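S.K.: the following block contains a protein sequence and its predicted model.
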Amino acid sequence: SRYSKRVLKRQQRLKRADKLLDALAGTLRATANPDAAPATSLEPEKDTLMLVFTDIESSTTAAAESPRAMVLVQETHDRLMRQGIQRFAGYEIHTQGDAFEIAFATAVSATQFCLWVQDQLMNYDWPKEVLDVPQFAAVKDEDTEDV
């Protein structure tokens, strides 16, 4: 069935991502200790690892000006990020505050993730309390009136 094929494809991508993360960890260990052998070796012609780093722009200022609005923003942001990570077979490496570090097995999945999250955040029905914070106010194109 189509569903089984999609599940199998996702599992294959996750296995590849795990292999790539193991290789990255081995490379980092080798950098820290040149005498250590990498855990695995990458095959550059076949293996890629795409890293995505995110951060909510001006969040520190927004949190200082409106802590309650920032809590709403971060909760929504984190939920959408994790939905996107799952949807596009990413791997959440680390978070700190509102920043995410994510790995993807392909450039296509990383790009799809980025576009999807941006679209979700842009089209989310943000409460007035959030839109009243200058850092989160809607910005309209003067020529087209697009947000």
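M.R.: Now that the structure is in, tell me what you want to look at.

S.K.: tell me the centre residue of the chain?
M.R.: Ile102 (5.0 Å; CA atoms, centre = their mean).

S.K.: list the contacts for that one?
M.R.: Leu51, Val52, Phe53, Thr54, Met81, Ile85, Gly90, Tyr91, Glu92, Ile93, Ala110, Phe113 (CB atoms under 8 Å, 6 or more residues apart in numbering). No exception for glycine: its C-beta is placed from N, CA and C like everyone else's.

S.K.: filter these down to just the ones in strands.
M.R.: Leu51, Val52, Phe53, Thr54, Tyr91, Glu92, Ile93 (DSSP state E).

S.K.: just the buried residues out of the residues you listed, in ChimeraX syntax.
M.R.: Selecting only the buried entries of the ones in strands among the contacts of Ile102 in ChimeraX, with 16 or more other CB atoms under 10 Å as the criterion:
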select :52,91
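
S.K.: which residues touch Pro67?
M.R.: Taking CB under 8 Å, 6+ apart, one finds nothing in contact with Pro67.

S.K.: helices along the chain, start to end?
M.R.: 2-32, 59-65, 67-87, 107-123, 128-131 (DSSP state H).

S.K.: to Asp143, which of those lies closest?
M.R.: Evaluated over those, closeness to Asp143 peaks at helix 107-123, with 18.2 Å, by CB to CB.

S.K.: quick one: average pLDDT of the closest one?
M.R.: For helix 107-123, mean pLDDT rounds to 92.

S.K.: and it, which residues are buried?
M.R.: Buried, per 16+ other CB under 10 Å, within helix 107-123: Ser109, Ala110, Gln112, Phe113, Cys114, Val117, Gln120.
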